[in-house]
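[1] Everything below, folded, please.
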Amino acid sequence: MPGRGLIATLLNEQALPWLAPEMANGDTQSMNWLKDMVSGNLKFSGRLSRRRFYLSLAAFYGFGLLLTPLQLIGAVAPNLTAVNIAVLIFGVVMGWYLLGSFVRRLHDRGRSGWWLVCFFGPHILAVSALSRLPLDRPAVVILAIVGAVFLVAPFFVWGLIEILFLRGNPEANRFGPNPLADI
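    Modelled structure (predicted):
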């Protein structure tokens with residue numbers, strides 16, 4: 001197509017039906033689905049399908065790549081307060097966005113966002129405890145490994161399976177309608 005870039009052509013003809021099936025039918029109202037996904041993640045409201053969750057993760061890492069030059073500037077010249085404040089603000093917003101996408105994915109599974117505490121809380125506690133242990137003794141290291149494998153890992157793996165691989169509820173739940181119902 002004349003006048004269109006290669007990436008725009010590829011997105012519209014190959015990737016778009018998979019990324020946003022509602023736009024593949026010609027409904028291209030300035031990518032409202034992307035705006036809705038981002039604003040929903042920041043507000044922790046509604047449900048997020050697996051596909052949109054993976055897109056949220058891709059957007060998170062894409063925005064993180066945009067932050068890399070600022071982080072490098074902050075590392076080279078640590079006295080630049082404006083750069084450090086910008087990195088901090090951007091990091092907080094991106095952390096909030098990622099937390100919102102995890103919560104919305106749990107909403108799609110019919111679970112409250114508080115399940116994240118069950119899934120990842122033991123991992124956070126174990127990492128903070130291990131940072132305070134004297135790891136120069138073999139007995140402490142073995143105890144830490146056994147504790148991590150048998151006490152922490154099951155919750156972490158359960159959370160990852162629940163969020164990344166299991167389907168959402170096919171019917172509407174207390175968090176909203178099925179995000180795939182209109183596709």
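[2] Run a quick neighbour tally on residue 114.
    10 (other C-beta atoms under 10 Å). Just so you know, the C-beta spots here come from the backbone N, C-alpha and C atoms, and that holds for glycine as well.
[3] what residues are up against residue 115?
    Residue 115 makes contact with 106, 159, 162 under the criterion C-beta atoms under 8 Å, 6 or more residues apart in numbering.
[4] let's go with 10 Å and repeat that
    Applying C-beta atoms under 10 Å, 6 or more residues apart in numbering to residue 115 gives the contacts 102, 103, 106, 109, 121, 158, 159, 162, 163.
[5] Return the members of the residues you listed classed as buried.
    Buried members of the contacts of residue 115, scored by 16 or more other C-beta atoms under 10 Å, are 102, 103, 106, 109, 121, 159, 162, 163.
[6] Which ones among those lie within helices?
    Under the assignment DSSP state H, the buried ones among the contacts of residue 115 contribute 102, 103, 106, 121, 159, 162, 163 to helices.
[7] Present those residues as JSON lines; the columns should include pLDDT and distance to residue 39.
    Below are these laid out as JSON lines (pLDDT from 0 to 100; distance: C-beta to C-beta, whole Å):
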{"residue": "102", "pLDDT": "95", "distance to residue 39": "16"}
{"residue": "103", "pLDDT": "95", "distance to residue 39": "14"}
{"residue": "106", "pLDDT": "95", "distance to residue 39": "18"}
{"residue": "121", "pLDDT": "89", "distance to residue 39": "27"}
{"residue": "159", "pLDDT": "92", "distance to residue 39": "25"}
{"residue": "162", "pLDDT": "93", "distance to residue 39": "24"}
{"residue": "163", "pLDDT": "94", "distance to residue 39": "20"}
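[8] which of those residues lies closest to residue 51?
    Closest approach to residue 51 among these (C-beta to C-beta): residue 163, at 13.4 Å.
[9] re earlier: got the ones in helices among the buried ones among the contacts of residue 115 as a markdown table, with distance to residue 42 columns?
    Conversion of those to a markdown table gives the following (distance: C-beta to C-beta, whole Å):
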| residue | distance to residue 42 |
| --- | --- |
| 102 | 13 |
| 103 | 11 |
| 106 | 16 |
| 121 | 23 |
| 159 | 22 |
| 162 | 22 |
| 163 | 18 |
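[10] Low-confidence ranges, the protein, go.
    For the chain, the stretches with pLDDT under 70 are 1-31, 78, 182-183.
[11] returning to that earlier point: greatest separation within the contacts of residue 115: which pair is it?
    The two members of the contacts of residue 115 with the most space between them (C-beta to C-beta) are 109 and 121, at 17.8 Å.
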